[in-house]
Structure formats: structure tokens, C-alpha cells
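J.: when you get a sec, could you give me coordinates for this:
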Amino acid sequence: MNEIGNRPLNELLRVLPARLRTAVLQAGTEGLEEIRVRAGRPIQLLYAEKEYMLPLVAEASFCTLLLENLCEHSAYAREAELKEGFLTLPGGCRIGVTGRAALECGNITHMARVACFSLRIAREHKGCAEPALPMLLDQAGRPIPTLLLSPPGTGKTTFLRDVARLLSNGGLGRRGFKVAVADERGELAGANGGIPLLDVGLRTDVMDGCPKADAMERMLRSMSPEIIVTDELGNEADAQAVCQASAGGVCVIASAHAGSIADVKRKIYLAPLLENGCFQQAVLLERNGNKLRFYAYPCGEVAT
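T.: Now for the predicted structure:
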């Protein structure tokens, strides 16, 4: 349980209330991907190919205790994350939260009550991106700017983490590249105090806890990367940062939520990136159980 790939699970188990931790361990953690806690309902465990309802109902008091534990008894210090709907633990486990929001002038100021939690367990699957590596390198061995697409929960982050590791480390007949990871929510590298707890490669620099557009800009100026890797492009600022990096001669490999190329074309901030040269290809990731499939579409020739 002490090897690097299990650190995210260990960090999560450490902060769970004792009765939930005991129930999860009894149910088994092999293949466990997510724990769903909803006030007034049984706690749900989601595995790669099954689910299990624990004989444990999450009362309101339990949800309060869980939030306190997840925030290390300092919810105020995590308020900026909470109002965005998530927390990230050291090691990369991401906690989605919903409930009652407090508003001021139409803007969310804080979460007045958290009633639902999605505890997503970060895991390393070293080698999961290896079958797709020929898609990510050209004939000269240079990285190809790529937009990775899939719906939520398909494994984009796990895949992207392994891409960073493979391109950073190099291999037989492959040189290693200087990789910069813009890790806004701390899921890719699972950094603690700026030090990655997950393996993102020997030649990789990480900036976390910073909006990804700002992180990309700062790392472009200060770390002379050859490749920038980032997760979940989500707005116009992210798209502009990709364009800036591309114009600076840096290869960007990024992900976005989309189930098809047509989905991307409906996103105003993403669609131009398929046509303006920032990305040379889009790779659609599909998952069936533990099996991943990859489909590459050259930009400018993408199918709908």
C-alpha cells in the first residue's frame, strides 16, 4: 500500500470517517473508482464493472463530518475550491460537492451546506497510454499537438498522466522531452507542496493550484517546455493559452469533455482549435470496462 500508485487511495482512506473507511475496506478497494455519498441515502461504491450499495446511510451529521475531514477541519481555507464545486486531496483524488449554495448579487459566495459528494479515486495505470503512443509521435519522433476527447469518467486524466510520463521519460529509440504539466485541480500529478505524488516523468515540471491558462503562460515563460500537458480545457482563456503556447513552438497535449467531434464543434471556444493549427489531431477515447480504445482524427478532416 506504500507504492506510489496507491498513495491517492491511502490519502483518501486517511480522511474518511472511521465507519466509512471500515465499510470500504470490507467491501474491497480493488478496482474501486468512486464513492458516492448522498445525504439520506445509502453510500454507493462504483467499480470498473460493478457497483455496490453499502448498508450505511449518510445522515446530515455524517455529511458534515465527512466535509470537515476532507478539509482537514478547515473548510474556510478551502472555500475558494468548494464554491467551484470540488476539492482535491494530496495524491490527486478529486472530491465533487453539491448541495445548497449561498448567493450574493447572483454569484455563489460559498456552499451553505454540502449534501452530496463524489469521491473519485486517482489511480496510476502505467502503460495505459502506450498503445496510443504511435498516434502521438510523428515519423521523426516529435510529439503531435493533440486534443484528447471523451465524456466524464472515461479515464482521460489517467491516460493523460501516462502520456506525460511516457513522453518525459523517453524509451527505447525515443528521446525524453521537457514536459510542463499545468495541473489546475491537482489531479494529474497529485502534488503535495508542489512535489508530485504521482509519476508524471523524470523531465516534468508541475504547476498546480493555479488556473490552467495562467499556469501555461507562466511555464511557457519560465520553464522552456517542449510539451505542455493539461486537463479539461473549459473556457476561452484556456483556449487562448493553448494558442499562445502553440505560437511559441510548444506542443500542447490537452483534454476536453466531449463524446464526439461534433460535440467539440458545438463548443465556441474549442472549435477553432481544430482548424487553426493549435492541434493537429483529435483523439477520441472510448472505454469498455477496463479496456480503452483510441480513434485519431486529423484536424481539418475530422468526421462529424
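J.: ok, the residue lying closest to Lys178 once chain neighbours are set aside to Glu184 distance?
T.: Nearest in space to Lys178, with sequence neighbours left out and distances taken as C-beta to C-beta, 6 or more residues apart in numbering, is Glu226 at 4.8 Å. From N, CA and C alone the C-beta is placed, and that goes for glycine too. Note on Glu226: its distance to Glu184, by C-beta to C-beta, to the nearest Å, is 21 Å.
J.: quick one: average pLDDT of the helix or strand harbouring Met53?
T.: Met53 is part of strand 51-57 when elements are defined by DSSP states H and E. Average pLDDT, strand 51-57: 96.
J.: what does that strand rub up against?
T.: Arg19, Leu20, Ala23, Val24, Ala27, Gly40, Arg41, Pro42, Ile43, Gln44, Leu45 (C-beta atoms under 8 Å, 6 or more residues apart in numbering).
J.: separation between the residue nearest to Lys178 and Phe159?
T.: Going from Glu226 to Phe159 by C-beta to C-beta gives 20 Å.
J.: so Ala254 touches Leu148, yeah?
T.: Yes: between Ala254 and Leu148 there is a contact under C-beta atoms under 8 Å: 7.0 Å.
J.: pLDDT weak spots in the stretch 101-250 of the chain?
T.: Residue ranges of the stretch 101-250 of the chain with pLDDT under 70: none are present.
J.: let's see it at 90
T.: Along the stretch 101-250 of the chain, the parts satisfying pLDDT under 90 run over 101-112, 122-125, 151-155, 172-173, 185-187, 190-195, 197, 209-210.
J.: higher neighbour count, Glu226 and Phe159?
T.: Between Glu226 and Phe159, Phe159 has the larger neighbour count (other C-beta atoms under 10 Å), namely 21 against 18.
J.: you'd agree that one is in a strand?
T.: No: judged by DSSP: H, G, I helix; E, B strand; the rest coil, Phe159 forms no part of a strand; its state is helix.
J.: how many residues are close by the nearest residue to it once chain neighbours are set aside?
T.: Counting by C-beta to C-beta, 6+ apart, Ala129 is the residue found nearest to Phe159 once chain neighbours are left out, at 5.3 Å. As a burial measure, Ala129 scores 24 neighbours (other C-beta under 10 Å).
J.: who are the contact partners of Ala129?
T.: Leu136, Phe159, Leu160, Asp162, Val163, Leu166.
J.: can you get me a residue count around the third one?
T.: Right, Leu160. With other C-beta under 10 Å as criterion, Leu160 counts 25.
J.: touching, it and Leu188? I think so.
T.: Yes: if you go by C-beta under 8 Å, Leu160 and Leu188 touch, sitting 6.4 Å apart.
J.: okay, and the common contacts of those two?
T.: What both Leu160 and Leu188 touch, as defined by C-beta under 8 Å, 6+ apart, is the set Val229, Asp231.
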